[in-house]
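1. sequence first, then the predicted structure, then my questions.
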Amino acid sequence: MNKKTWLAVGMGLLLCMTGCSNAETSEPKKEMAKTEEKVVEEKEKEKTPYDVLQDAIKKDQEWESWSTHTTNNYQRPDFEQTNGGNPVEGKNITYTNNLKTKDAFYQIMEEVYEKYNYSSYQIQKATDEESLEVMAHQGDGNGLVGDMFIRNKLSNEKYEVESAPYSLDGDYFGEPELFDASQSQDGDNTIIKFTLKDGKKFQDYLVTKLRYDPKQKLPDGSEIDCYLYSKYEMVYTIDKDGYLQSYQLDMTDKQTEDSESNYTIISTFYKENATEVNSKIIDEVVAQVPETGLHGQIDVPFEYGEIIKP
């Protein structure tokens, strides 16, 4: 009913027609709302755990800055004979602060090797053309000295992966022949779990689709298997707002008939305002990297500000 019609009718007729109109349209509107809710619910039900994970990974990409805290506990045979033949075990802790600007991605990283009481440092600047990384060690007088650089050419697609808080190498978690998938709730958090079903098929996938090397040559000339997992269990935690909060990976890599390596990796993501990356400092260090060459030795003052360790 338009304005002209409203003005042309009497008040009584208007009230009647308004009442009739409401009576006639309210039920269809209710039915339409119910139908829309049902469609939304059905779409949510149709989502697999892998779909939910993908949504969370994409949501994290909204962040302009973030930090990560990762611990890696490992125990493996002493294949290289660096530990007197005894199992090699230890714990590494890695902290990263990350910043994504309109033109580039910046990262500062510190990795602590607890067993050896040693830390390594790295800064990175990436654009949609290339990534430059500069590694450093603790020099005399406790100052950091840049000692090595690595350059990688990037495309737009590779840059998006490089500058994302988290990404997957492949879509293997979406392959029902390779992994069982489950979804549950823990309070406000959503838990997504993937459990390996067939280690040999998983290795075949990594070798054929992702070009992983199935063998590793040891110093004595012998070879061991790689990526032949007897256990590979990944658990993701997604918070109530749909962001990927953390993951835990437990895996057992069977390298020979009677030897295997065990790893537990736990990584937590911290949202914006959890980092203070100084892009100007990184620009100054990266500017001293040779303009050509994919990697090499350098000797430059190394600064990256102060890393926040959440």
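-> Great, that's in hand. Residues are numbered from 1 along each chain as shown.
2. in this protein, which spans are helices?
-> 3-8, 11-46, 49-60, 156-162, 199-210, 279-286 (DSSP state H).
3. now do the contacts for the closest residue in space to Y304 that isn't next to it in sequence.
-> Using CB to CB, 6 or more residues apart in numbering and skipping the chain neighbours, the partner closest in space to Y304 is I108 (4.3 Å). All C-beta atoms are positioned from the backbone trio N, CA, C, and that covers glycine. Listed by CB atoms under 8 Å, 6 or more residues apart in numbering, the contact set of I108 reads 96-97, 121-124, 277, 282, 304-305, 307.
4. swap in 10 Å and give it another go.
-> 67, 95-99, 121-124, 275-278, 281-282, 303-308 (CB atoms under 10 Å, 6 or more residues apart in numbering).
5. follow-up on the earlier one: ranking the helices of the chain by mean pLDDT, which is last?
-> For the helices of the chain, mean pLDDT drops lowest on helix 3-8, to a mean of 36.
6. next one: stretch 296-306 to chain centre, how far?
-> 26 Å (CA atoms, centre = their mean, to the nearest Å).
7. could you do stretch 185-193 as well?
-> So, by CA atoms, centre = their mean, the centroid of stretch 185-193 is 18 Å from its chain's centroid.
8. who touches it?
-> Contacts of stretch 185-193 (CB under 10 Å, 6+ apart): 48-53, 56, 173, 179-184, 233-242, 244-248.
9. next step: the residues you listed restricted to strands.
-> In strands, defined here by DSSP state E, the members of the contacts of stretch 185-193 are 179-184, 233-238, 244-248.
10. quick one, which of these are buried?
-> 179, 181, 183, 233-238, 244-248 (16 or more other CB atoms under 10 Å).
11. from the residues you listed, pick the one nearest T208.
-> F179 (16.9 Å; CB to CB).
12. surely the closest one touches F194?
-> Yes: between F179 and F194 there is a contact at 4.5 Å, judged by CB atoms under 10 Å.
13. common neighbours of those two, please.
-> Shared contacts of F179 and F194 (CB under 10 Å, 6+ apart): 49-50, 172-173, 232-234.
14. next, format those as TSV and append distance to D253.
-> Formatted as TSV, the shared contacts of F179 and F194 follow (distance: CB to CB, whole Å):
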residue	distance to D253
P49	24
Y50	23
Y172	16
F173	18
Y232	9
E233	13
M234	14
